[in-house]
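Undergrad: coords please:
(chains A and B)
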Amino acid sequence: MTLKSDDVRSIAHLARLHIEDDAVERYVDDLSSILDLVDAMNRVDSTGVVPLSNPLDASQRLRADEVTETDQRDKFQGIAPDVADGFYRVPRVIE
Amino acid sequence: MPKTVTEIRRGLAQGEYSSQELTRDYLARIARHNPALNCFISVTEDIALAEAKAADERLARGDGGLLTGVPLAHKDLFCTDGVKTSCGSRMLDNFIAPYDATVVERMRDAGAVMLGKTNMDEFAMGSSNENSWYGPAANPWNTARVTGGSSGGSAAVVAAGLAPAATGTDTGGSIRQPAAFCGVTGIKPTYGRVSRYGMIAFASSLDQGGPFAKSAADCALLLQAMAGFDGRDSTSSETAVDDYSATLEQGIEGLRIGLPKEYFAEGLDSRLASVIEDAIGEMRKLGAQVREISLPNTELSIPTYYVVAMAEASSNLSRYDGVRFGHRCADPVDLEDLYKRSRGEGFGEEVKRRILIGTYALSAGYYDAYYLKAQQLRRMIKEDFQKAFEDIDLILAPTTPGVAFDIGAKTDDPVSMYLQDIYTISLNLAGLPGMSLPVGFVDGLPVGMQLIGNYFDEARLLRAAHAYQQVSDWHLQSPEEFA
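TA: Residues are numbered from 1 along each chain as shown, chains lettered A, B, ... in the order given. Have a look, this model is predicted:
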């Protein structure tokens, strides 16, 4: 499986990950060699095998819909990069 | 200086030393040796001394717990309230966790004293600790060699005697492989046995916490304190926790041990194979019935593992967006720029590779070919183990194909690094418990033997390892430089 540099750019965009232009070719090589490794999966016929998502075949436990968390806004915002008036600040998104 | 948790508990109980004296001794050893080993990211001296003082008071009152006064290091992946929790990443270099992981809470409740947070591959992605933002930890047996990873710092700390025990996590071998490379004992429990709450997530269906120590007897104590149901982890198991120490001395007479032929095939260093053979001979002498078995889908475990792990990682790591915590780039022009550059600057190379592959495997048009296919193979790998466990009690195998390699030897070739995990990753896919214990040396570097158990059969694993450690002393050896 060989990726092209445009593929890497579009995957990076999907992942919202900035990649330097001069690093794209290296990612093309690295990711292609990883995909070559992964393509070994196709040598096996797995038709009809039920996919396994939890190793114990367990399903997610649900809890009662009750409030269990207390308000810790100040503590959580104490480690945020930019806050104002109890809000997280980001660049303007609505003109 | 005492070496094991078992000795320390005895020494503290008999008043040979206080936890404060012991803690100061360990802190002094850390100050002296950490510059060469780089196995701690943070040393929490003030917390350690305060916890040791409280432990001494508890001991004096006679209400000590399982680990009261025992110093311990946590992998820097477990959230520690008020203490930097970096996960080995620039992304979290400024992250002061606002709460404790369940493992941290339980170790503290048991009375353990936190010495600090250990070095690791960034977000636990790596097999050598070289992917740490803080630089590689060095192997105490030869400081030019890697510690293994991702819990390299924790393994090195125990090997060098900078702490008698440490916590780690294992997603594809991250406890067992560094335990093997550093000559210590480590156990990865059954998926769901130890709470993942407060463990920074890499691959949620594979991640599992566990302890490192000098011996299986010590691991039994540590796992006892860590294990058990936790309502805050939606995949935590409600299966009752065995008393791991109670059955340690029962021996392995009649125990049926399987040797998977695929784990002793091409690719295994022959000198390492012969060390493992000697250990198998010891297990036979102890009464085990050893026979060859087959796990036919072993070869598929690496591609299957990397698809599952990278897909889950790309989802888990989408939370690092530069908005609520962690690294934020300077002067973002818009929200997309904020996301992209914060992530681009905050993550290292290997993490980026895995996010990209995971994103690709989950993207429209590729999901069935990669993620779904991998989940199907995952079931086939699990079924191999289930079939094997119909006729045997334990599986015995090497932990790694070779001994610790040189720092820098594999950094340019991600695929060759992934192949290091061939013997460890299958059981994460299956969710089974496994451990590694030292069984000898090749080129002056430790060799690890892996034991794999059936679901929730940690007690039997620990008992088998303990039986071997009663007739060998590999686990008690220390590198001369740090003796």
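
Undergrad: residue contacts, B:Arg328?
TA: By Cβ atoms under 8 Å, 6 or more residues apart in numbering or on different chains, the residues touching B:Arg328 are A:81-82, B:322, B:338, B:342. (Glycine included, C-beta is placed from N, CA and C.)

Undergrad: Is it possible to get those out as TSV so that each row also shows neighbour count, distance to B:Gly88 and pLDDT?
TA: As requested, these are arranged in TSV below (neighbours: other Cβ atoms under 10 Å in any protein chain shown; distance: Cβ to Cβ, whole Å; pLDDT from 0 to 100):
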residue	neighbour count	distance to B:Gly88	pLDDT
A:Pro81	18	20	96
A:Asp82	16	25	96
B:Gly322	25	18	97
B:Leu338	22	23	98
B:Ser342	25	18	98
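
Undergrad: So the residue in chain A that chain B sits nearest to, which state does it fall into?
TA: Across chain A, the shortest distance to chain B (Cβ to the nearest Cβ) belongs to A:Pro55, at 2.6 Å. With DSSP: H, G, I helix; E, B strand; the rest coil as the basis, the three-state label of A:Pro55 is coil.

Undergrad: so how far is B:Gly149 from the residue lying closest to A:Leu56 once chain neighbours are set aside?
TA: Leaving aside its chain neighbours, A:Leu56 sits nearest to B:Gly431 (5.4 Å; criterion: Cβ to Cβ, 6 or more residues apart in numbering or on different chains). Relative to B:Gly149, B:Gly431 is positioned 21 Å away (Cβ to Cβ, to the nearest Å).

Undergrad: More neighbours: those two, which one.
TA: Each of B:Gly431 and B:Gly149 has its neighbours counted (other Cβ atoms under 10 Å in any protein chain shown); B:Gly149 has more, 32 against 26.

Undergrad: Contacts only, for the more buried one.
TA: B:120-121, B:124, B:126-131, B:174, B:177-178.

Undergrad: Most neighbours among those, please name it.
TA: Most surrounded of these: other Cβ under 10 Å gives B:Pro178, at 39 neighbours.

Undergrad: The closest residue to B:Val184 other than its chain neighbours: which element?
TA: Once flanking residues are discounted, B:Val184 sits nearest to B:Val158: 4.5 Å by Cβ to Cβ, 6+ apart. Under the criterion of DSSP states H and E, B:Val158 resides in helix B:152-159.

Undergrad: starting at the chain centroid, how far to that helix?
TA: 10 Å (Cα atoms, centre = their mean, to the nearest Å).

Undergrad: Tell me the confidence at whichever residue of the stretch 351-483 of chain B sits closest to chain A?
TA: The stretch 351-483 of chain B approaches chain A most closely through B:Gly431 (2.6 Å), counting by Cβ to the nearest Cβ. pLDDT recorded at B:Gly431 is 98.

Undergrad: What distance do you get for it to B:Arg463?
TA: 21 Å.

Undergrad: And A:Asn54, by the same measure?
TA: Distance, A:Asn54 to B:Arg463, by Cβ to Cβ: 28 Å.

Undergrad: End to end on stretch B:404-422, go ahead and measure it.
TA: End-to-end distance for stretch B:404-422, by Cα to Cα, to the nearest Å: 15 Å.

Undergrad: Does chain A have contacts with it?
TA: Yes: part of stretch B:404-422 sits near chain A under the criterion Cβ under 8 Å from any Cβ of the partner chain, namely B:414-415, B:418.

Undergrad: And the helices in chain A?
TA: A:5-14, A:24-38, A:73-77 (DSSP state H).

Undergrad: Out of those, the one nearest B:Ala166 is which?
TA: Closest of these to B:Ala166 is helix A:73-77, at 27.6 Å (criterion: Cβ to Cβ).

Undergrad: So for A:Asn54 and B:Arg463, which sits in the more crowded spot?
TA: When A:Asn54 and B:Arg463 are compared for neighbours, B:Arg463 comes out ahead with 23 against 14, by other Cβ under 10 Å.

Undergrad: where's that one, which helix or strand?
TA: helix B:458-470.

Undergrad: Low-confidence ranges, chain B, go.
TA: Within chain B, no range satisfies pLDDT under 70.

Undergrad: separation between B:Pro2 and chain A?
TA: Between B:Pro2 and chain A the distance is 38 Å, computed by Cβ to the nearest Cβ, to the nearest Å.

Undergrad: Which residue, neighbours along the chain excluded, lies closest to that residue?
TA: Once flanking residues are discounted, B:Pro2 sits nearest to B:Ile8: 5.0 Å by Cβ to Cβ, 6+ apart.

Undergrad: my read: the one you found touches B:Val70, true?
TA: Yes: using Cβ atoms under 8 Å, B:Ile8 is in contact with B:Val70, at 5.4 Å.

Undergrad: Which residues are in contact with each of these two?
TA: Common neighbours of B:Ile8 and B:Val70 (criterion: Cβ under 8 Å, 6+ apart): B:Pro164.

Undergrad: Now do the residue nearest the centre of chain A, the pLDDT please.
TA: Nearest residue to the geometric centre of chain A (Cα atoms, centre = their mean): A:Ala15, 6.5 Å. If you check A:Ala15, the pLDDT there is 98.

Undergrad: Surely it and B:Leu356 touch.
TA: Yes: under the criterion of Cβ under 8 Å, A:Ala15 is in contact with B:Leu356, at a separation of 6.1 Å.

Undergrad: The residue nearest to B:Ser234 when sequence neighbours are not counted - how many residues pack around it?
TA: Nearest non-adjacent residue to B:Ser234, counting by Cβ to Cβ, 6+ apart: A:Gln60, 5.0 Å away. Neighbour count for A:Gln60, taken as other Cβ under 10 Å: 7.
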